[in-house]
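Colleague: pasting the sequence and the predicted model now:
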Amino acid sequence: MSARRRPPARRTAVRRGASRPRKKQLSRKKRQRNPAAVLIAAVVVVWLVSRVLSWIADHRWTMIVGLAVAVAGGVLWDRHRAARLRREQESARALRYSVEQLDLLHHRAFEHAVRDLMFRDGCADAVQVGGAGDHGADVKATDPYGRLWVIQCKHRKAGSAGAPVGTPDLHVLNGTGRPVHHGDVVVLVTNGRFSRPAVEFAHSQRLHLVDRATLTAWAGGGRPLWELLRAVPPPRRPSPLS
């Protein structure tokens with residue numbers, strides 16, 4: 001009786017062999033149907049577009065209404081954006097930092113604090129740009145007088161007790177502040193102090209230094225930075241503040 005039985009392996013082979021051509025036929029049919037479906041869909045889309053264009057041509061007033069709606073929407077959006085910016089600036093005017101608060105910040109958070117102070121003073125485009133490849137700039141902002149500020153930040157955890165900021169940092173800023181970033185006012189801000197050679201170098205190169213004392217007055221008060229610094233370049237363009 002065992003000799004009359006077929007090996008199960010042969011039965012399996014026959015079933016597998018029989019199913020393969022079927023799958024191939026189905027996949028071929030699918031491939032044949034796809035181009036037809038795409039063509040039908042394209043014809044339908046073209047027909048719908050032509051009908052819409054024909055309807056618009058017969059009802060030209062819709063173009064005028066659509067244009068008016070678009071213009072009105074743009075005006076409303078612009079007013080909404082301007083109102084939001086005014087609210088943000090009004091809220092920012094109340095911003096105050098004590099220098100002790102700034103001491104506790106991470107160096108990146110210190111850069112964001114400087115950016116926020118510039119925004120408080122009316123620099124609507126103030127942005128933090130510090131990071132890899134920043135070319136010596138941590139904050140950039142345009143003041144209401146049209147002057148571009150390029151600011152490098154040096155945070156000291158120990159404040160004035162930390163190492164003074166020296167000339168190497170100023171060399172980097174001096175080499176990029178105007179030639180690369182095209183800044184009108186090039187500034188280095190620290191919650192610490194500067195070495196004497198750094199102060200002398202900054203004076204000779206028209207670089208502005210914000211030490212701990214100046215930072216205290218700026219961050220804790222309401223006066224903008226350009227009122228606290230000496231020899232700031234004149235405005236680029238007239239403004240309501242000039």
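Modeller: Yes, it's here. Numbering: from 1, shown residues only.
Colleague: past the lowest-mean-pLDDT helix or strand in the chain, which element shows up next along the chain?
Modeller: Ranked by mean pLDDT, DSSP states H and E, the weakest helix or strand in the chain is helix 8-58, scoring a mean of 68. The first helix or strand that comes after helix 8-58 along the chain, using DSSP states H and E, is helix 61-92.
Colleague: mind checking what helix or strand follows that following helix in sequence?
Modeller: As assigned by DSSP H and E, the chain's next helix or strand after helix 61-92 is helix 99-103.
Colleague: contact partners of that following helix?
Modeller: 110, 113, 155-159, 191, 212, 215-216, 219-220 (C-beta atoms under 8 Å, 6 or more residues apart in numbering). Bear in mind the C-beta positions are built from the backbone N, C-alpha and C, glycine included.
Colleague: residue nearest the middle of the protein, spatially speaking?
Modeller: With distances taken as C-alpha atoms, centre = their mean, Val127 lies nearest the centre of the chain, 7.9 Å away.
Colleague: could you chop this protein up by domain?
Modeller: According to automatic domain parsing, the chain is divided into the following domains: 1-59, 60-92, 96-228.
Colleague: how far off centre is the helix or strand hosting Cys153?
Modeller: Using DSSP H and E, the element containing Cys153 is strand 148-154. Between the centre of strand 148-154 and the centre of its host chain there is 17 Å, according to C-alpha atoms, centre = their mean, to the nearest Å.
Colleague: same question for stretch 203-212.
Modeller: Computed by C-alpha atoms, centre = their mean, the separation of stretch 203-212 from the middle of its chain amounts to 28 Å.
Colleague: tell me the mean pLDDT for stretch 130-144?
Modeller: Regarding stretch 130-144, the rounded mean pLDDT is 86.
Colleague: and it, how far apart are its ends?
Modeller: Using C-alpha to C-alpha, to the nearest Å, the span of stretch 130-144 from its first residue to its last is 23 Å.
Colleague: from the domains of the chain, which stretch is densest packed?
Modeller: Comparing the domains of the chain by mean neighbour count (mean count of other C-beta atoms under 10 Å), domain 96-228 ranks first with a mean of 18.
Colleague: that domain spans what distance, first to last residue?
Modeller: Distance between the boundary residues of domain 96-228 (C-alpha to C-alpha) amounts to 16 Å.
Colleague: distance between it and the chain's centre?
Modeller: Remark: domain 96-228 is offset 20 Å from the chain centroid, using C-alpha atoms, centre = their mean.
Colleague: any low-confidence regions in this protein?
Modeller: 1-33, 89, 91-92, 133, 237-242 (pLDDT under 70).
Colleague: quick one: residues contacting Ala109.
Modeller: Contacts here follow C-beta under 8 Å, 6+ apart; on that basis Ala109 touches nothing.
Colleague: rewinding a little: export the domains of the chain as a markdown table, with columns for distance to Pro234.
Modeller: A markdown table is the format used below for the domains of the chain (distance: least, C-beta to C-beta, whole Å):
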| stretch | distance to Pro234 |
| --- | --- |
| domain 1-59 | 55 |
| domain 60-92 | 24 |
| domain 96-228 | 8 |
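Colleague: Pro235: which of those is closest?
Modeller: Across the domains of the chain, the minimum distance to Pro235, taken as C-beta to C-beta, is reached by domain 96-228, at 3.4 Å.
Colleague: ignoring the adjacent residues along the chain, who's closest to Val199?
Modeller: For Val199, ignoring the flanking residues on the chain, the nearest one in space by C-beta to C-beta, 6 or more residues apart in numbering is Leu209 at 6.6 Å.
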